[in-house]
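*Asks:* Quick one: sequence plus predicted model below, questions after.
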Amino acid sequence: MFRFLLFFLLAQASLFFLEMLQPVQHNIILPWTGFLAEISGWLMSFFDSNVEIYGKVIRSSINHFAVSIEPGCNGVEAMIVLLAAIIAFPAPIIYKIKGLIIGFLAIQGINLIRVISLFYLGQWSQELFDWAHLYVWQALIMLDALLVFLIWIRFMPEDKNIGVTSS
């Protein structure tokens, strides 16, 4: 357990350090954030023709309310926590890869719901938008990462070499 905790904290610190580097921000984080805005806008366009996308900004052409998806609101931090946990846990590499793919889809799926819900909530009530943005969704995204990790551990195949069972 101590080994896992130490390795988890070191992996997390390293990954957060890498995320803050300017080349990583410029070449990975910011393009991902813009892509997230594009996907969110595309999904909303199926039921709302008044949605406009400008880079990482989603805007209503009717009331001009807009949200800007900033680093910290793009699911990357939750993914880093999950990645560090999966890397630190003793498991077969193929199972780690499967966990990361499923985790990525789960976290980003919830994050799309987050962005869309905040866009419409903000048009209705700024006070509720602030509360949901700062408290509810921050907790739910991290809870999603934790649940993915716990489910991943629960369904881990038995491997006698690492002493982990799925009982």
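*Replies:* Received it, and whenever you're ready, just let me know what you need.
*Asks:* excluding its backbone neighbours, what's nearest Lys96?
*Replies:* What sits nearest to Lys96 in space, not counting adjacent residues and going by C-beta to C-beta, 6 or more residues apart in numbering, is Ile86, at 5.2 Å. (Each C-beta comes from the backbone N, C-alpha and C, glycine too.)
*Asks:* Could you pull up the residues touching the residue most central in space within the chain?
*Replies:* The centre of the chain sits closest to Gly75, judged by C-alpha atoms, centre = their mean, with a distance of 2.4 Å. By C-beta atoms under 8 Å, 6 or more residues apart in numbering, the contact set of Gly75 is Leu36, Ile107, Gln108, Ile110, Asn111, Ile141.
*Asks:* residues near Ala11, how many?
*Replies:* Per other C-beta atoms under 10 Å, the neighbour tally for Ala11 reads 18.
*Asks:* In three-state terms, how would the nearest residue to it once chain neighbours are set aside be classified?
*Replies:* In this structure, Ala11 finds its nearest non-sequential neighbour in Ala84, 3.9 Å apart by C-beta to C-beta, 6+ apart. On the three-state scheme (DSSP: H, G, I helix; E, B strand; the rest coil), Ala84 is labelled helix.
*Asks:* so where's the chain shaky on pLDDT?
*Replies:* Within the chain, the ranges that satisfy pLDDT under 70 run 159-167.
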